[in-house]
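> Provided below for reference: sequence and predicted model.
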Amino acid sequence: MANRAVYGDVQAILDTELTTSEITAYITTSNLLVTDRLGSSGLAAGLLAQIETYLAAHLITVTRERKAAQAGRGEDRVTFEGQTGMRLDSTLYGQTAMVLDTTGKLSTLNKPTRTAVVFGVL
């Protein structure tokens, strides 16, 4: 399937120096995930494009362009990026993608997978 998001969509929400082809690679990855998880969800095409855009920005942020806000002066500076966690919660872009996904399917990616170990006595 063709990418729903385009370079300009990501560029509009994320200040980055990446090239068009680099950003497009992230969009393609996001498209694969959105299509796999949400393609048959019944969400509108425009909403899927927005989710794809925010997922691409999330992937760029966690792999290449991690930016943080700073406050204070001199040695008394503190750095923060809002309330973040792991996986999609690790950036505000990932959090936004989950909010836009009204099916809740992206939120399930945020849950750690647990492997059950069963011990038996012989």
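Perfect, I can see it now.
> Pass me the low-pLDDT residue ranges in this protein, would you?
Within the chain, the stretches with pLDDT under 70 are 65-86, 112-118, 120, 122.
> got a list of what Ser107 touches?
By C-beta atoms under 8 Å, 6 or more residues apart in numbering, the residues touching Ser107 are Leu88, Met98, Asp101. C-beta coordinates here come from the backbone N, C-alpha and C atoms, glycine included.
> neighbours around the last one, how many?
Right, Asp101. Neighbourhood size, Asp101 [other C-beta atoms under 10 Å]: 25.
> Filter the contacts of Ser107 down to just the ones in strands.
Taking DSSP state E as the definition of strands, these contribute nothing to them.
> between these, which is closest to Ala49?
Asp101 (12.6 Å; C-beta to C-beta).
> Surely that closest one and Leu38 touch.
Yes. Counting by C-beta atoms under 8 Å, Asp101 does reach Leu38; the two are 6.5 Å apart.
> shared neighbours of these two, which are they?
Common contact partners of Asp101 and Leu38 (C-beta under 8 Å, 6+ apart): Ile51.
> thinking again about what came up before, out of the contacts of Ser107, which is nearest to Gly42?
Taking C-beta to C-beta as the measure, Gly42 lies nearest Asp101 of the contacts of Ser107, at 11.8 Å.
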